[in-house]
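>>> using only what follows, build the 3D model:
(chains A, B, C and D)
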4 protein chains.
Amino acid sequence: MAMVCLSDFEAYAKKYLPKIAWDYFAAGADDGTTRDENILAYKRVRFRPRMLRDVSVMDIRTKILGSEISFPVGIAPTGFHQLAWPDGEKSTARAARAMNTCYIASTYSTCTLEEISAAAPGGLRWFQLYIHRNRAASQQLVQRAEALGFQGLVLTADLPYTGKRRDDVRNGFRLPPHMKVKNLERVFEVCKMSLLDPSVTWNDIYWLRSLTHLPIIIKGILTREDAELAVRHGVQAIIVSNHGGRQLDEGPATIDALAEVVEAVQGRVEVYVDGGIRKGSDVLKALALGAKCVFIGRPALWGLAYKGEEGLRDVLRILQDEFRLSMALAG
Amino acid sequence: MAMVCLSDFEAYAKKYLPKIAWDYFAAGADDGTTRDENILAYKRVRFRPRMLRDVSVMDIRTKILGSEISFPVGIAPTGFHQLAWPDGEKSTARAARAMNTCYIASTYSTCTLEEISAAAPGGLRWFQLYIHRNRAASQQLVQRAEALGFQGLVLTADLPYTGKRRDDVRNGFRLPPHMKVKNLERVFEVCKMSLLDPSVTWNDIYWLRSLTHLPIIIKGILTREDAELAVRHGVQAIIVSNHGGRQLDEGPATIDALAEVVEAVQGRVEVYVDGGIRKGSDVLKALALGAKCVFIGRPALWGLAYKGEEGLRDVLRILQDEFRLSMALAG
Amino acid sequence: MAMVCLSDFEAYAKKYLPKIAWDYFAAGADDGTTRDENILAYKRVRFRPRMLRDVSVMDIRTKILGSEISFPVGIAPTGFHQLAWPDGEKSTARAARAMNTCYIASTYSTCTLEEISAAAPGGLRWFQLYIHRNRAASQQLVQRAEALGFQGLVLTADLPYTGKRRDDVRNGFRLPPHMKVKNLERVFEVCKMSLLDPSVTWNDIYWLRSLTHLPIIIKGILTREDAELAVRHGVQAIIVSNHGGRQLDEGPATIDALAEVVEAVQGRVEVYVDGGIRKGSDVLKALALGAKCVFIGRPALWGLAYKGEEGLRDVLRILQDEFRLSMALAG
Amino acid sequence: MAMVCLSDFEAYAKKYLPKIAWDYFAAGADDGTTRDENILAYKRVRFRPRMLRDVSVMDIRTKILGSEISFPVGIAPTGFHQLAWPDGEKSTARAARAMNTCYIASTYSTCTLEEISAAAPGGLRWFQLYIHRNRAASQQLVQRAEALGFQGLVLTADLPYTGKRRDDVRNGFRLPPHMKVKNLERVFEVCKMSLLDPSVTWNDIYWLRSLTHLPIIIKGILTREDAELAVRHGVQAIIVSNHGGRQLDEGPATIDALAEVVEAVQGRVEVYVDGGIRKGSDVLKALALGAKCVFIGRPALWGLAYKGEEGLRDVLRILQDEFRLSMALAG
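Numbers count the residues shown, from 1 in each chain, chains lettered A, B, ... in the order given. You can find the predicted model right below:
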């Protein structure tokens, strides 16, 4: 089977992953409307291609928060990579470094931050954080990440409670016994989302700020009002995201929300977007609408499910080739 | 089979109810366009979710016409509950009381008002009324309901004649011999819709008013013009409804009509809506568009068909959980 | 099989008619887009239903060009009724008279005008005309129709050449040997459309006018410009029609064109519409948009295919009942 | 099997061509969205048909860059005709001459320009050019074409790199060993698209201009900005084209881009369009929107696949008949 586009990896993952793992990765909240809209909305954005421009040399590198990456596609934070490949997040870290891009490691990783760091020394990595009721636990995680050389702190803002993903409820989803949410192991018993603190507000950004010198990136913003609040509370960047459609169903597609956020922040902070990226031309559309970089979630997991580090590198390379070609053809 | 969302109950009811009963409950007028639009229109309403608000404590109680209910979802009037479950409306009344919400009992119940009252003493109940050619019969029903402690009178305005529901015609739908429209038994032979009076006009509200001290709620309003007339004729509340798409096909979806009605009444009376509610987020949308409360019709019947009182409680509890979660995730 | 709505007759006709006859009646030009749009466009027109109006007595009679009919639905001109039922147009004439409505007999009838007249003396009938290259032949037809008591002359304006109906080409459609286009038999060999005169212009209305005292109704108008020309050239009425989508594909649906034509003529002549009527509520919509009456084409043929005169009466009675019910429910 | 419309030829070609050839001809870039949009967009353009005009005589001839053709449909440049029919482009040239229309021969022909010329002496032909890194090669091609009597030079502007056609990648598409891109044979090894020069800009039009007296037609323009640039750089005509949806996916449909380009050029140069033409009425729509002529790509290949020269003549004749009929019926 030739792996030609990201859909091929999706088909592979659907075929070969255990159903419970596939369902977990694929799940959207409620009817899955927003999950699907993320993709459909890209199709509604159309190019106005220009001709006869010299496209013999194109530089697709970019910088995010000062760090250069080889092209504007990073790895969004997703949990439980061992469900996709035995080496889990270690493979993810290696693939990201090999492709010279940024990997945002999730709190809900099945490898520790230390294992991830050791697997790919020198790679550009950010750490994704939920704020727990037990603030000491969150503080400890932040400081471990900073000490290990993670270069950014991504605060997920859209998960005061976990969204309703019907298939996970039906499947009684939980990690197999041999996998653990290792980052939290030393702190408290894991995988109870009720450990998350639903009383978090904007002021907690100041608390986070007090814990670390790392730049803070806020993930989950979908409106101009919240974008303005984010800037005012001193974040360094915004990821426009609806959590892959896994939280509140029937909100906006991220590519639709992007323009509104970009307009609101007026360049004061960098803006990224995730959700629904399936082709290199989607990356180009996001950039045309003001994103500095995009992040991929499920496609990274499909790559892992295909062949671990190598599979994820394949996914990234396809996106890179498609992105470069789209740029050339769009002039 | 896990019952995770309301569609699961629908699937169960479709599978286990006799076809003639399923068809009767499911029927829409003519092509079923408006019945289906009620649902589709909710999907077109989109959230603008806000982040980082303290959602650790949420109060979802509300009051309708002064009575507190545990959350803004009541039971709309539907007929013939014994088609769904042997105990019929008695189970409905018990489930509504258990969940501390309002049950609107239909004239076309298969239990008497007295049986319904006895089944769940102290529950909040309204009585739904059609005006018959024989006004004495209608008067007697109103006064029985008031005497039994029903706390509101819901006048259905959209059924001067019964809509054309093709499957019911094909099936030759009629109640099985052991079921009866008991409320009308003492008055006249039942189930002839021609007993309904098609000459009823707004002035009959005054006549109703003269019969009872109960608040009058008018059900079936879809336009600003009629909403204005309803207020002027002194009703206490309006239910925006198209009878579940069972009367005139190809009128507006109720969630679309809601905004127009809310704007017309300017807070002078309470406005509710029924039709198309299938998820907790639909409730939140209706409230955001100005409804004080919503009512569910078919989903209540699916709950009854699943496990009587217990099944209906399951349905209400799922809606309640989904509603609370939607509120939290929407900020 | 219960015949509950017009779709039931369609299904019957599709099942029992010879394929070549079904295909001929069902055919639309090219891709059949306009044929299908005629129906879809009705679904886009929505009611604003009003409540609590006295609908106990409703008068659904109307007058077209001074003649009273029992309800505003007539029989549009279609050819070759013997393909649907052995008695052909004689059955059509009898059903129309029985239901007290107007039947527009086609030039391409398989019975003569004389046979049609004799089959249902006293019925209200109009005669549909194409102008032939041989003007004497057309003149003779007009004068025969007038002499036989036909009360209107319907000039079809949209067929300078026959539209491309792919299935008819594939089937090599022609009448079976025992059927004839009898009206033209005495005049010239039939079924060669090239006998039609593609050089006909508005001035030929004056020529027609000179031949007869009958009112002239022009059929096939779809634009305000042509509606204005029709009025100026002295016709008595307009039928907004696209020939059931059998001529130019991808023009407007008739219900969409109706409003434009009605606005243009400003009541100077009567306006009717055909194409896409499948339910009583469609009739109500057409009337609400300014039509004085509608005409049905294919549904009449399905009725004939079901049971001849009786089947067509069934079709008309269903439309009549649905129309009356829609009026009541829409207030 | 009766060949009644162009879809019949498509079905034939899909059935009888080797899969690898069918896939190559059918391919669109990425998801094939723009390829499909080319067709769907025509369906959204609607006629306003006018009646009672004298359509007994219609002249459908036109002139493109001064040369008369029998009707406004030419053959767009497509590659590798021997994949469709053994005689390849020789048959194409003969069919075009037989129907008295223009054939644009592709650089990627499987016959030489000399063979094409010899096959149909006197036919109206233009030559389609890519600019290669090796400019001498391109110059030689241009001068061969001019010497052979080709009357126009069509510069393809939308292929600095080849679009990503997934099925071709999966199939490992390449020409069978017995076919060759003969025009380039003498110059360099063929079928490596990297021979194309991605640094071509508008100034290269001046270079082309210096090589030949032939009129230059630029193909691949989709925006008003590029249309303006084309006029300023002295081209004689523009073909609005997206390469059949084979280059950048999710740009505009050509019929949608046409109006913008026509408005921009204000008649200063002739404008043609290709992509999505499947019926005679599509031709009429393109002309109504300002095109002087249209060109067909895939339908020509289907005709070849059916019966070589004869099959392509059938395709052209059907389009011609449908175009004439549409004109008559639209008035």
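>>> which other residues reach stretch A:47-56?
Residues outside stretch A:47-56 that contact it (C-beta atoms under 8 Å, 6 or more residues apart in numbering or on different chains): A:281, A:284-285, A:327-331, D:157-158, D:160-161, D:197-202, D:204-205, D:220-223, D:225-226, D:229, D:242, D:247-248, D:250-252. (C-beta placed from N, C-alpha, C; glycine too.)
>>> buried ones among these?
Neighbour counting by 16 or more other C-beta atoms under 10 Å in any protein chain shown classes A:281, A:284-285, A:327-331, D:157-158, D:160-161, D:197-198, D:200, D:202, D:204-205, D:220-223, D:226, D:229, D:242, D:247-248, D:250-252 among the contacts of stretch A:47-56 as buried.
>>> can you flag which of those belong to helices?
In helices, judged by DSSP state H, the following of these are found: A:281, A:284, A:285, A:327, A:328, A:329, A:330, D:204, D:205, D:226, D:229.
>>> how close does the third one get to chain B?
Using C-beta to the nearest C-beta, to the nearest Å, residue A:285 is found at 20 Å from chain B.
>>> likewise the first one?
Distance check for residue A:281 against chain B: by C-beta to the nearest C-beta, it reads 25 Å.
>>> contacting residues for that residue?
Here residue A:281 is in contact with A:47, A:322, A:323, A:326, D:30, D:248, D:249, D:250 (C-beta under 8 Å, 6+ apart).
>>> next one: the fourth one
The contact partners of residue A:327, taken as C-beta under 8 Å, 6+ apart, are A:55, A:58, A:60, A:284.
>>> give me the phi and psi for the nearest residue to residue A:230 once chain neighbours are set aside.
Distances taken as C-beta to C-beta, 6 or more residues apart in numbering or on different chains place residue A:218 nearest to residue A:230, at 5.0 Å, with adjacent residues excluded. With angles defined as degrees, to the nearest 10, residue A:218 sits at phi -100, psi 130.
>>> same check on residue A:303?
Dihedral angles (degrees, to the nearest 10) for residue A:303: phi -60, psi -50.
>>> ok, it touching residue A:317?
No. In this structure, residue A:303 is not within contact of residue A:317 by C-beta atoms under 8 Å, at 9.8 Å.
>>> who's more crowded, these two?
For residue A:303 and residue A:317, the more surrounded residue by other C-beta atoms under 10 Å in any protein chain shown is residue A:303, and the numbers stand at 33 against 15.
>>> report the central residue of chain A.
residue A:76 (1.6 Å; C-alpha atoms, centre = their mean).
>>> so what touches the lowest-mean-pLDDT helix or strand in chain A?
Averaged element by element with mean pLDDT, DSSP states H and E, chain A has its least confident helix or strand at helix A:182-185 (a mean of 84). Helix A:182-185 has contacts (C-beta under 8 Å, 6+ apart) with A:107, A:108, A:109, A:110, A:111, A:112, A:113, A:115, A:137, A:141, A:190.
>>> in ChimeraX, how would I select the buried members of the residues you listed?
Listed next is the ChimeraX selection for buried residues among these, using 16+ other C-beta under 10 Å:
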select /A:107,108,109,110,111,112,113,115,137,141
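>>> take the contacts of helix A:182-185 and keep only those in helices.
A:113, A:115, A:137, A:141.
>>> farthest pair within these?
Based on C-beta to C-beta, the longest span within these runs between A:115 and A:137 and measures 18.8 Å.
>>> just confirm residue A:101 contacts residue A:71, I think it does.
Yes. The criterion here is C-beta under 8 Å, and residue A:101 meets it with residue A:71 at 7.0 Å.
>>> burial measure for residue A:32, as a count.
17.
>>> ok, and the closest non-adjacent residue to it?
Once flanking residues are discounted, residue A:32 sits nearest to residue A:245: 6.5 Å by C-beta to C-beta, 6+ apart.
>>> in this structure the one you found contacts residue A:30, no?
No. Residue A:245 is not in contact with residue A:30 according to C-beta under 8 Å; the separation is 9.2 Å.
>>> for these two, indicate the residue with more neighbours.
residue A:245 (29 against 26).
>>> enumerate the residues of the stretch 1-150 of chain A near chain D.
Within the stretch 1-150 of chain A, the positions lying close to chain D (C-beta under 8 Å from any C-beta of the partner chain) are A:2, A:4-5, A:43, A:45-56.
>>> would you mind checking the residues you listed for buried ones?
Buried among these (16+ other C-beta under 10 Å): A:4-5, A:43, A:45-55.
>>> more neighbours: which of residue A:101 and residue A:71?
Taking neighbours as other C-beta under 10 Å, residue A:101 and residue A:71 compare with residue A:101 leading, 26 against 23.
>>> and that one, how far from residue A:274?
Here residue A:101 is placed at a distance of 14 Å from residue A:274 (C-beta to C-beta, to the nearest Å).
>>> now do the contacts for the closest residue in space to residue A:80 that isn't next to it in sequence.
Nearest residue to residue A:80, sequence neighbours excluded (C-beta to C-beta, 6+ apart): residue A:110, at 5.5 Å. The contact partners of residue A:110, taken as C-beta under 8 Å, 6+ apart, are A:79, A:80, A:81, A:82, A:83, A:88, A:89, A:175, A:179, A:180, A:181, A:182.
>>> please apply the same query to residue A:217.
Contacts of residue A:217 by C-beta under 8 Å, 6+ apart are A:65, A:126, A:152, A:153, A:154, A:155, A:235, A:236, A:237, A:238, A:239, A:272.
>>> which SS class is it?
Using DSSP: H, G, I helix; E, B strand; the rest coil, the structure places residue A:217 in strand.
>>> so what sits opposite it in the bridge?
residue A:154, residue A:237 (DSSP bridges).
>>> the closest residue to residue A:207 other than its chain neighbours: neighbouring residues, count only.
With sequence-adjacent residues excluded and distances taken as C-beta to C-beta, 6+ apart, residue A:207 is closest to residue A:135, at 7.6 Å. A total of 13 residues lie near residue A:135 under the criterion other C-beta under 10 Å.
>>> looking at the host helix or strand of residue A:127 now, give me its mean pLDDT.
Taking DSSP states H and E as the criterion, residue A:127 maps to strand A:125-129. Here strand A:125-129 scores 97 as its mean pLDDT.
>>> which neighbouring elements make contact with that strand?
strand A:103-105, helix A:113-119, helix A:135-147, strand A:153-156 (3 or more C-beta pairs under 8 Å, 6 or more residues apart in numbering or on different chains; DSSP states H and E).
>>> least reliable of the ones you listed going by mean pLDDT?
Among the helices and strands packed on strand A:125-129, helix A:135-147 scores lowest, at a mean of 94.
>>> now do that helix: everything it contacts.
Contacts of helix A:135-147 (C-beta under 8 Å, 6+ apart): A:107, A:113-114, A:127, A:129-132, A:153, A:183-184, A:187-188, A:197, A:207-208, A:211-214.
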